[in-house]
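Student: Turn this into a structure:
(one chain, ligands or ions: 1)
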Amino acid sequence: MKQSEFESQLVEMFEDNFRFLCEEAGHSINEYLKKLAFDQVLYYYRKNKKIIEQITRAEVKLSLPEQKTPNDKIPYTIEGVVDIVREGDETWLYDLKTHDPDRIKAEPEKYKEQLNVYAYIWKGLQKNDLDNTAIIATPLPNSLRAAIENGAEEKIQAEFDKWEPVIPFGYDEDEVADMIENFGETVERIENSEFAPPDVKRLESKMLGMKSNFATHVCRNCDVRYSCSSYVEYLKKSRNATKNSMLKYMVNTAEENDEFIEGNLNEN
Ligand code: SF4
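Tutor: Okay, the predicted model is just below:
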């Protein structure tokens, strides 16, 4: 795939963003991870170019204020950010998610709830047109990542063509009241400091629609994992955990350490 003029500008934009994030976070990543990140941006743009070019309003903030939780009547506001596309006579509301399409398709109700609330605010309260809602799943499929890594153009094109990141959901305003109550119950649990993690069985179980388990897919990216009783229990139970390797895990995994050290050596 040839690089267009805009894609050359994308390189500069990515570099600017990368520098900003490094300065803000105070650490960096290595060249390998940086390339993976840029590939994600580049192929995401190529795949969704048509939608991106038709966005009529980007990053629209939707807000539903003055809600009250169902039991304790704690006030809260629901907020979300969406993109709006108007094409011909149709208006679509898009929400971006960093989850894999398979995970989204395996638990559609979870995602539909959120989209229905956004649709209710956009159409029901703000009186805008709306014909459909959809999620754009931002991660590249593993098969496309592998093809990019191998560099075989034909295979990259085949995997790129197979990739379907846009998942239409429609919308149903009748369900909105139940959904807002669900949001309220979650707010109530947070306000009442009910933060118990799921038990270790949940961490060991496969994610719906995916090959990896909860611990690998979710916990590995969680900042509080080393102070989470369920994750520590999971590590203790895992096959290769010895006393010494546990110590290593309690600080950082070897893989994460290497990435961190190499990234920062390159940066400094
Ligand atoms: S490590 Fe994080 S994501 Fe995993 S169970 Fe604990 S708190 Fe939840």
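
Student: Once you drop chain neighbours, what's closest to the spatially most central residue of the chain?
Tutor: Centrality entry for the chain: nearest residue to the mean C-alpha point is residue 98, 1.9 Å, by C-alpha atoms, centre = their mean. What sits nearest to residue 98 in space, not counting adjacent residues and going by C-beta to C-beta, 6 or more residues apart in numbering, is residue 138, at 5.3 Å. (C-beta placed from N, C-alpha, C; glycine too.)

Student: measure the residue nearest to the centre of the chain to the ligand for me?
Tutor: Taken as C-beta to the nearest ligand atom, to the nearest Å, the spacing of residue 98 relative to the ligand amounts to 14 Å.

Student: who are the neighbours in contact with that residue?
Tutor: Going by C-beta atoms under 8 Å, 6 or more residues apart in numbering, residue 98 touches 137-139.

Student: What does the residue nearest to residue 98 show for phi and psi?
Tutor: Its backbone dihedrals place residue 138 at phi -80, psi -30, with angles given as degrees, to the nearest 10.

Student: how much space between residue 30 and the ligand?
Tutor: Relative to the ligand, and taking C-beta to the nearest ligand atom, residue 30 is found at 24 Å.

Student: Output the contacts of residue 98 in JSON lines; the columns should cover neighbour count.
Tutor: What follows is those, written out as JSON lines (neighbours: other C-beta atoms under 10 Å):
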{"residue": "137", "neighbour count": "23"}
{"residue": "138", "neighbour count": "15"}
{"residue": "139", "neighbour count": "16"}
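
Student: What is the nearest of the residues you listed to residue 20?
Tutor: Using C-beta to C-beta, the shortest approach to residue 20 within the contacts of residue 98 belongs to residue 138, at 19.5 Å.

Student: In contact with that closest one, which residues?
Tutor: With C-beta under 8 Å, 6+ apart as the criterion, the residues that contact residue 138 are 40, 44, 96-98, 165.

Student: Residue 147 now?
Tutor: Residues counted as contacts of residue 147 (C-beta under 8 Å, 6+ apart) are 155-156, 158-159.

Student: cool, and residue 39?
Tutor: Counting by C-beta under 8 Å, 6+ apart, residue 39 makes contact with 140, 145, 148.

Student: Ramachandran coordinates for the second one?
Tutor: With angles defined as degrees, to the nearest 10, residue 145 sits at phi -60, psi -40.

Student: For it, give its distance to the ligand.
Tutor: Distance from residue 145 to the ligand, by C-beta to the nearest ligand atom: 23 Å.

Student: circling back: which among the contacts of residue 138 end up buried?
Tutor: Neighbour-count burial (16 or more other C-beta atoms under 10 Å) applied to the contacts of residue 138 gives 40, 44, 97, 165.

Student: Isn't the first one up against residue 137?
Tutor: No. Taking contacts as C-beta atoms under 8 Å, residue 40 lies outside contact range of residue 137: 11.8 Å.

Student: Any idea how many residues pack against residue 65?
Tutor: Summarising burial for residue 65: neighbours were counted as other C-beta atoms under 10 Å, giving 9.

Student: That one: helix or strand, and which one exactly?
Tutor: Per DSSP states H and E, residue 65 falls inside strand 55-68.
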